[in-house]
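Engineer: curious how this folds, go ahead:
(3 chains)
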Amino acid sequence: MLSPDDWSAIRLTLKLAGLTTALLLLIGTPIAWWLARTDSILKRPIGAIVTLPMVLPPTVLGFYLLVAMGPQGPVGRLTQALGIGLLPFTFAGLVIASILYSLPFAVQPIQQAFEAMGERPLEVAATLRASPLDAFFTVALPLARPGLITAAVMSFAHTIGEFGVVLMIGGNIPDKTRVVSVQIYDHVEALEFTQGHWLSGGLLVFSFCVLLVLYHFNPVTSRKAAS
Amino acid sequence: MSIAARFSLAYPAFTLDVNLQLPAQGITALFGPSGSGKTTLLRCIAGLEKVGNGHLIVNGECWQSGNFFLPVHRRALGYVFQEASLFPHLTVQGNLDYGAVRSRRHKTTKAPPADQRNIVELLGIGHLLQRKPERLSGGERQRVAIARALLAAPKLLLMDEPLAALDFERKREILPYLERLRDELDIPILYVSHAFDEVSRLANHLVLMSTGQAIASGSLSELTARLDLPLTQYPDAGVVIDATVGAYDPEYHLTRLDFPGGCVYAGLHEMPLGHRARILIHASDVSIALSEAVNSSIVNRLPAQIEAFAATHHPAHLLVRLNIGDAPDNPPPSTSVIARITRRSRDQLRLHQGQRVWVQIKTVALVE
Amino acid sequence: MSIKPKLAKLWIAAALLPGAGMVQADAVSVAVAANFSVPMKKISTEFEKTSGHKVALSFGSTGKFYAQVKAGAPFEVLLAADDETPGKMEQEGLAVKDSRFTYAIGKLALWSAKEAVVDSNGDILKRGDFEHLAVANPRLAPYGAAGVQALQALGVYDAIAPKLVQGENIAQTYQFIATGNALLGFVALSQVIGEDGKAKSGSAWIVPQKYYTPIRQDAVLLDKGRDKTAAVELLKFLKTPYAARIIQSYGYGLPK
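Structural biologist: Predicted structure coming up:
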């Protein structure tokens, strides 16, 4: 069945996905808020950039990250100057890569939720003495809850399934960057089909459960926000 | 105490250009057809629409002037939208508390805290407090929305067609609550509507809007008696008169309603003497006779003087404005009514301005 | 696709081969270990020219090819990165018995994209003054296993193990080093060799053969290519002096 290495990969994957999801909600929500409400000419370019990881092959993203975070890359120079060192082959590097990779999956549902709620609830809040920040936390966020849940589930699941990017910048280091998808790949490559089956099957069941949760919340998404 | 509002904005398809002084008491109706700019004006006053160069003073407090713009949430106002727009994630109580809690916290809106029990009772929503908005009827929602706005302790209540989204029954359900608001709360209300029946029933003051401009502003009785305004062109146009109950005849069940220059009788339920009663006299219910028709069944026959004529949309008809009273050139305060007659009648009777005649009023409608 | 272009091709091929009226121009599908991709392109171009056959090359990892062939992939020839996999395939009947031979012996190089990092004795491994050393996954890639063997033979494995970063194959390992994310690492000599037999760029140490088991890269005729003339001929072509010269020029050894 599963070896200690497999379990360590599972633990690492869950840690990576959990951390990535938490950070994505923190980062993605303001981006989604801005995208949903701005009239700026930058709306479309920024929206496109955020969506890019959805259409790019993960290997492209991984390759550019590897170059950008490398000692000659702009990010690498910055992190070195800041005394952080280089990000590839580190857990922090994986977290950053995962955030970029799953960004559209977090931003889009939240943005859609904000757009669906429209201006009215915020106007109502303003006429009831709520400052814009107050209204954001007490009205916009609660109303966007289905979108936030979708974003969290999608980010988590997408990070779990991440492979190409991790492969490119991970370096397959146990407990640091060797996640489940890489472990499965190695098992299959090494012709250890039994272990590959166990991990793959686990991932399959997990993904199924995630989609089940998602469909459970979806009817809420479609319901009109304002009554 | 008053509201001074000056706004002008020009969108490609729409312009707004108003300069208004409004009374800081009672209900002021912003009345006009859709697209006339009344909702935009209301949103400008609330600060929901940010218009450069606007000027707005509410009860001596500056809300907008020059570059100064008081953010919406710092304005001591209440706003009731056409759709109730309750927060779906909060219960009725949560909705009510939302503004109440914040208005208490804010120092800029120093109004005394609104009496929650009183307002909840006033709007009859005490039994709904624990419900979620999705489990309320349309009328209940709007009543909660009104209570929510009031509990934010506003010094000015803005209502944007609060009844427009409701069916006839729901309207009838809410109108009495609005009348109670007007009579029992000491808050000026700006009320946007395109329904004359609501306005005639509720408003003390009327602002007529047309294509982004305020074409007239005055008391309801004054404006409804003017021949130069589009109000008279409505099929059920009439003059609103604020009268008082002068007498009651128990034998015939007739109430005498007094107003400056005269009185009318109407078959109404008994009301205390001195009670204020608002009546509406439709132009189509008023006819003119050269002498008093003593052999007529019409009860209300009043001496009057012809003030002016005006054309209507229909070439057969004319509108005649008549000043009620028997003194020559009745001194103010006086009351005018409008009669719709045929052009032929005018010519046959040789009616002319300044002529003394009798008006016969077939029906007197009590509007509240 | 219509049959016409195919017929036309056959006619042209027949016309180009004087006196070879009976020889049929054919297409052969070859699975090539990634490390051998560049020399194989050269060799197959020459082969196509002289034989008139068409060669379709697929590059990838030997393990993946094994799984794919087992699942019925239409490869006819395999140029593996090791000798184990082809042997196993022979036993399992996936490959034609006795068709296996060593076409090249891989050589291991310690390489850095930077000048003057790797010295000519590999002393840097003993000093250990680097953050990451890249190596292909030793479980999957023969060059990775060889690299680990070398570290063990030099007695520095335990010291360096925490600094190891693994590429899934030697191509990825090369990327880690080329982008500077790993200062140095073990790659196939064929990846970094220049015309003069030395590293094209940066600095390299050709790891002496005594430090690791020779990386015998075996070729084998797969079951699907059993009756394919083109496949048989291609394997023969790999043993010609012409092919041997190309193979050697890319830093591979040849079996004696």
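
Engineer: count the residues that sit near the residue in chain A that chain C sits nearest to.
Structural biologist: Distance from chain C to each residue of chain A (CB to the nearest CB) is smallest for A:G171, at 3.0 Å. Backbone N, C-alpha and C define where each C-beta goes, glycine included. A:G171 has 28 neighbours, counted by other CB atoms under 10 Å in any protein chain shown.

Engineer: test my guess that it contacts C:V165.
Structural biologist: Yes - with contact defined as CB atoms under 8 Å, A:G171 reaches C:V165; the gap is 3.0 Å.

Engineer: what about B:M209, helix or strand, and which?
Structural biologist: Using DSSP states H and E, B:M209 sits in strand B:205-210.

Engineer: state the mean pLDDT of the helix or strand following that strand.
Structural biologist: Sequence order places strand B:213-219 as the next helix or strand after strand B:205-210, per DSSP H and E. Averaging pLDDT along strand B:213-219 yields 91.

Engineer: need the residues touching each of A:G171 and C:V165.
Structural biologist: Residues within reach of A:G171 and of C:V165 at once, by CB atoms under 8 Å, 6 or more residues apart in numbering or on different chains, are A:88-89, C:132, C:134, C:176, C:182.

Engineer: okay, now the unreliable bits of chain A?
Structural biologist: Low-confidence segments of chain A, defined by pLDDT under 70: A:218-227.

Engineer: tell me what the helix or strand containing B:N19 is packed against?
Structural biologist: Using DSSP H and E, B:N19 falls within strand B:14-23. Applying 3 or more CB pairs under 8 Å, 6 or more residues apart in numbering or on different chains; DSSP states H and E, one finds that strand B:14-23 contacts strand B:2-11, helix B:38-46, strand B:205-210, strand B:213-219.

Engineer: dihedrals phi and psi, the nearest residue to C:I105 once chain neighbours are set aside?
Structural biologist: Using CB to CB, 6 or more residues apart in numbering or on different chains and skipping the chain neighbours, the partner closest in space to C:I105 is C:G253 (3.7 Å). Torsion angles at C:G253 (phi, psi; degrees, to the nearest 10) stand at phi -90, psi 170.

Engineer: in three-state terms, label B:L30 for me.
Structural biologist: strand (DSSP: H, G, I helix; E, B strand; the rest coil).

Engineer: so what's it closest to, chain neighbours aside?
Structural biologist: Using CB to CB, 6+ apart and skipping residues adjacent in sequence, the residue nearest B:L30 is B:K38, 4.0 Å away.

Engineer: for that neighbour, what are its contacts?
Structural biologist: For B:K38, the contacting residues are B:30-32, B:192, B:194, B:209, by CB under 8 Å, 6+ apart.

Engineer: what about it, distance to B:P23?
Structural biologist: Applying CB to CB, to the nearest Å, the value for B:K38 to B:P23 is 17 Å.

Engineer: longest helix in chain A, by number of residues?
Structural biologist: helix A:4-37 (DSSP state H).

Engineer: what is that one packed up against?
Structural biologist: Applying 3+ CB pairs under 8 Å, 6+ apart, we find helix A:4-37 packed against helix A:43-55, helix A:91-117, helix A:145-160, helix A:180-189, helix A:193-222.

Engineer: and that helix, how far out from the chain middle?
Structural biologist: 5 Å (CA atoms, centre = their mean, to the nearest Å).

Engineer: ok, now stretch B:221-239?
Structural biologist: Centroid separation for stretch B:221-239 versus its chain: 13 Å, with CA atoms, centre = their mean.

Engineer: same thing with stretch B:38-47?
Structural biologist: Mean C-alpha position of stretch B:38-47 versus that of the full chain (CA atoms, centre = their mean) differs by 17 Å.

Engineer: ok, now stretch A:81-98?
Structural biologist: The chain centroid and the centroid of stretch A:81-98 are separated by 16 Å under CA atoms, centre = their mean.

Engineer: which other residues reach that stretch?
Structural biologist: A:12, A:16-17, A:19-20, A:23, A:61-62, A:65-66, A:69-71, A:75-76, A:79-80, A:159, A:162, A:165-166, A:169-171, A:173, A:176-177, A:179, C:131-132, C:165, C:176, C:181-182.

Engineer: okay, and which of those residues map to helices?
Structural biologist: Among those, DSSP H puts A:12, A:16-17, A:19-20, A:23, A:61-62, A:65-66, A:69, A:75-76, A:79-80, A:159, A:165-166, A:169-170, C:176 in helices.

Engineer: export the longest helix belonging to chain B to CSV, keeping only CA atoms.
Structural biologist: Identified as the longest helix of chain B according to DSSP H is helix B:168-184. Only the C-alpha atoms of helix B:168-184 are listed here, as CSV (Å, rounded to 0.1, in the frame of the first residue of the first chain):
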residue,chain,number,x,y,z
PHE,B,168,-52.7,47.2,-6.1
GLU,B,169,-53.4,45.3,-2.9
ARG,B,170,-49.9,45.7,-1.5
LYS,B,171,-50.1,49.4,-2.3
ARG,B,172,-53.3,49.7,-0.3
GLU,B,173,-51.6,47.8,2.5
ILE,B,174,-48.7,50.3,2.7
LEU,B,175,-50.2,53.6,2.0
PRO,B,176,-51.8,54.0,5.5
TYR,B,177,-48.3,53.4,7.0
LEU,B,178,-46.9,56.1,4.9
GLU,B,179,-49.6,58.5,6.0
ARG,B,180,-48.8,57.7,9.6
LEU,B,181,-45.1,58.3,8.9
ARG,B,182,-46.0,61.7,7.5
ASP,B,183,-48.2,62.6,10.4
GLU,B,184,-46.4,61.1,13.3
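
Engineer: got the buried residues for it?
Structural biologist: Across helix B:168-184, burial judged by 16 or more other CB atoms under 10 Å in any protein chain shown covers B:170-171, B:173-175, B:177-178, B:181-182.

Engineer: just give the nearest non-adjacent residue to residue 112, would you?
Structural biologist: Just going to use chain A. Leaving aside its sequence neighbours, A:Q112 sits nearest to A:G147 (CB to CB, 6+ apart; 6.0 Å).

Engineer: you looked at the wrong chain, it should be chain C
Structural biologist: Nearest to C:S112 is C:L184, by CB to CB, 6+ apart, at 3.9 Å.

Engineer: do the same with B:I57
Structural biologist: Per CB to CB, 6+ apart, closest to B:I57 is B:A4, 4.5 Å.

Engineer: against A:T79, how distant is the one you found?
Structural biologist: Noted for B:A4: a distance of 59 Å to A:T79, by CB to CB.

Engineer: compare those two (neighbour count), which wins?
Structural biologist: A:T79 (20 against 16).

Engineer: neighbours around the residue lying closest to that one once chain neighbours are set aside, how many?
Structural biologist: Setting aside the residues directly before and after it, A:T79 is nearest to A:L87 in space (CB to CB, 6+ apart), at 5.8 Å. When neighbours are counted by other CB under 10 Å, A:L87 registers 26.
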